[in-house]
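Engineer: what's the 3D shape of this:
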Amino acid sequence: RMETDCNPLELANNTGFEEDSDYRDFEGTDVKDMRLEAEAVVNDVLFAVSNMFVSKTLPCAEDVAYINVETRERNRYCLELTEAGLRVVAYDFDQTDDRLQTPYHETVYSLLDSLSPAYREVFGNALLQKLEALKKESQS
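Structural biologist: Residues are numbered from 1 along each chain as shown. Prediction:
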């Protein structure tokens with residue numbers, strides 16, 4: 001189980017106080033909308049997979065979003081994104097299988113790295129190209 005630091009401001013979100021306007025506007029309690037987070041995840045790694053998009057059929061909420069991904073090996077997955085991280089919840093788009101007990105990954109990079117050798121190669125090559133460009137830039 002992954003350990004996370006407990007933010008006391010997040011606790012206020014779980015106590016039923018969120019309806020109270022005194023707490024809603026309290027600085028620092030802005031809840032991450034997981035749909036926005038999911039869109040950012042997709043935009044980050046789309047170049048290294050065959051297809052990836054936020055599910056339009058599975059429900060997104062403040063605390064959960066679902067991302068469909070097809071690796072370059074043509075394997076399809078449905079990923080669940082929560083505060084705990086990302087994990088595979090099904091082996092097809094727009095599905096969840098409660099029997100699947102897959103581990104959470106802190107990052108999409110770690111998750112895709114474990115699922116797709118082709119992702120690893122494409123991502124690694126992109127990283128090398130950026131490093132080469134930085135190297136050239138610093139030499140000029």
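
Engineer: where in the chain is pLDDT low?
Structural biologist: 1-32 (pLDDT under 70).

Engineer: show me the strands in it, by range?
Structural biologist: 51-54, 65-70, 76-82, 85-90 (DSSP state E).

Engineer: could I get the ones you listed in a markdown table, plus columns for distance to residue 136 and mean neighbour count?
Structural biologist: Where you see a C-beta, it was placed from the backbone N, CA and C, and this is true even at glycine. Shown next, in a markdown table, are those (distance: least, C-beta to C-beta, whole Å; neighbours: other C-beta atoms under 10 Å):
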| stretch | distance to residue 136 | mean neighbour count |
| --- | --- | --- |
| strand 51-54 | 30 | 18 |
| strand 65-70 | 33 | 23 |
| strand 76-82 | 36 | 21 |
| strand 85-90 | 34 | 20 |
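
Engineer: between those strands, which gets nearest to residue 128?
Structural biologist: strand 51-54 (22.0 Å; C-beta to C-beta).

Engineer: list the buried residues in the helix of greatest length in the chain.
Structural biologist: With secondary structure taken from DSSP state H, the chain has its longest helix at helix 117-139. Going by neighbour count (16 or more other C-beta atoms under 10 Å), the buried part of helix 117-139 is 118, 119, 122, 123.

Engineer: quick check, the third one in contact with residue 50.
Structural biologist: Meaning residue 122. No - with contacts counted by C-beta atoms under 8 Å, residue 122 stays clear of residue 50, the gap being 10.5 Å.
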